[in-house]
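In: return a 3D structure for these sequence lines:
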Amino acid sequence: MSGLRELYQEIILDHSRAPRNSGSLPEPDSSAEGHNPLCGDRLTVTLNMAERSVTDIRIQVSACAICAASASTMTEAVKGRSFDEIIALFDAFHNVVTGDHEPEHREALGKLAVFGGVAEFPMRVKCATLPWHTLRSAMDGADAPAKTE
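Out: The predicted structure follows:
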């Protein structure tokens, strides 16, 4: 088994068993819900924001291992970043999980690049991207649940 595949499995298992930034913020500035009816993944993202940046983030997840791990690693990656940086990170993440192998996208992701393994399982791309769509909904103040379409 390749080193990247082992790292992918290690990160997925670690973050799905012990999600970081789990729970909800007591008085969030914004929140959004995400739901993937095809597999049953559900999550809520709560945010505190200042000057178009995410200052704090929490997740509540009832989802498969890939979705839970994606949500957990996402919280670590976006806390303290500007909306523009988060949107660029989401675009790079989406490109990598859908099979784009451009080196600049992988480099921009840091440890999130291990989610490139999801590209081998097209049905799991929605699991990996649901947290990111939900985060975008929370950043935009959307009322409707986030979708992966």
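In: stretch 97-107: how far from the chain's middle?
Out: Relative to its chain's centre, stretch 97-107 lies at 16 Å (CA atoms, centre = their mean, to the nearest Å).
In: mean confidence for that stretch?
Out: The average pLDDT for stretch 97-107 rounds to 80.
In: dump the C-alpha coordinates for it into PDB.
Out: In PDB, the C-alpha atoms belonging to stretch 97-107 read as follows (Å, rounded to 0.1, in the frame of the first residue of the first chain):
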ATOM      1  CA  VAL A  97     -11.400  15.200  -4.900                       C
ATOM      2  CA  THR A  98     -12.900  15.200  -8.400                       C
ATOM      3  CA  GLY A  99      -9.600  13.900  -9.900                       C
ATOM      4  CA  ASP A 100      -7.700  17.000 -10.800                       C
ATOM      5  CA  HIS A 101      -4.000  16.200 -10.300                       C
ATOM      6  CA  GLU A 102      -2.600  19.600 -10.900                       C
ATOM      7  CA  PRO A 103       0.400  20.000  -8.400                       C
ATOM      8  CA  GLU A 104      -0.600  23.600  -7.400                       C
ATOM      9  CA  HIS A 105      -4.000  22.400  -6.200                       C
ATOM     10  CA  ARG A 106      -2.500  19.700  -4.000                       C
ATOM     11  CA  GLU A 107       0.200  22.100  -2.700                       C
END
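In: residues of that stretch that come out buried?
Out: Buried residues in stretch 97-107, counted by 16 or more other CB atoms under 10 Å: 97, 105-106. C-beta: built from backbone N, CA, C; applies to glycine.
In: for stretch 122-138, same thing?
Out: 124-138.
In: go on, stretch 81-97?
Out: Within stretch 81-97, the residues scored as buried using 16+ other CB under 10 Å are 81, 83, 86, 89-90, 92-97.
In: one more: stretch 21-34?
Out: Here stretch 21-34 shows 21, 25, 28-34 as buried, counting by 16+ other CB under 10 Å.
In: lovely, talk soon.
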